[in-house]
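Undergrad: got a structure for you, letters missing:
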């Protein structure tokens, strides 16, 4: 699994882009590529957990302009995550 950490600033462009981005997230979740996603409680950023390989993740990030071109959104880090407890173990 891959974890993406985003950082936000409160720009109007980010807020305007968010509905289309969330539609994309809902589709990726329904297709099984996105395990979970959501903002930090203070809306300073978000965490997304993907069940895809790095190549596919790059395709996802490139296809959604929210990650690469929206003012106020920064991809802070992409990390490989290996859960050992809970229902998120890869099959």
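TA: Received the coordinates, thanks. All of these numbers come straight from a predicted model, not from anything done at the bench.

Undergrad: got a pLDDT number for residue 83?
TA: Model confidence at residue 83, expressed as pLDDT, equals 88.

Undergrad: and the lengthiest helix in the chain, what does it pack against?
TA: Using DSSP state H to define each element, the chain has its longest helix at helix 12-30. The contact analysis (3 or more CB pairs under 8 Å, 6 or more residues apart in numbering; DSSP states H and E) places helix 12-30 against strand 34-39, helix 65-68. Bear in mind the C-beta positions are built from the backbone N, C-alpha and C, glycine included.

Undergrad: buried ones in it?
TA: 14, 17-18, 21, 25, 28 (16 or more other CB atoms under 10 Å).

Undergrad: so which of these is the closest to residue 48?
TA: Comparing those against residue 48 with CB to CB places residue 25 closest, at 7.6 Å.

Undergrad: so who does the closest residue to residue 53 other than its chain neighbours touch?
TA: Closest residue to residue 53 apart from its sequence neighbours, by CB to CB, 6 or more residues apart in numbering: residue 2 at 7.9 Å. Taking CB atoms under 8 Å, 6 or more residues apart in numbering, we find residue 2 in contact with 49-50, 52-54, 57, 78-81.

Undergrad: go again using 6 Å as the cut-off
TA: Taking CB atoms under 6 Å, 6 or more residues apart in numbering as the contact definition, residue 2 lies against 50, 57, 80.

Undergrad: phi first, then psi, for the second one.
TA: Which is residue 57. With angles defined as degrees, to the nearest 10, residue 57 sits at phi -60, psi -40.
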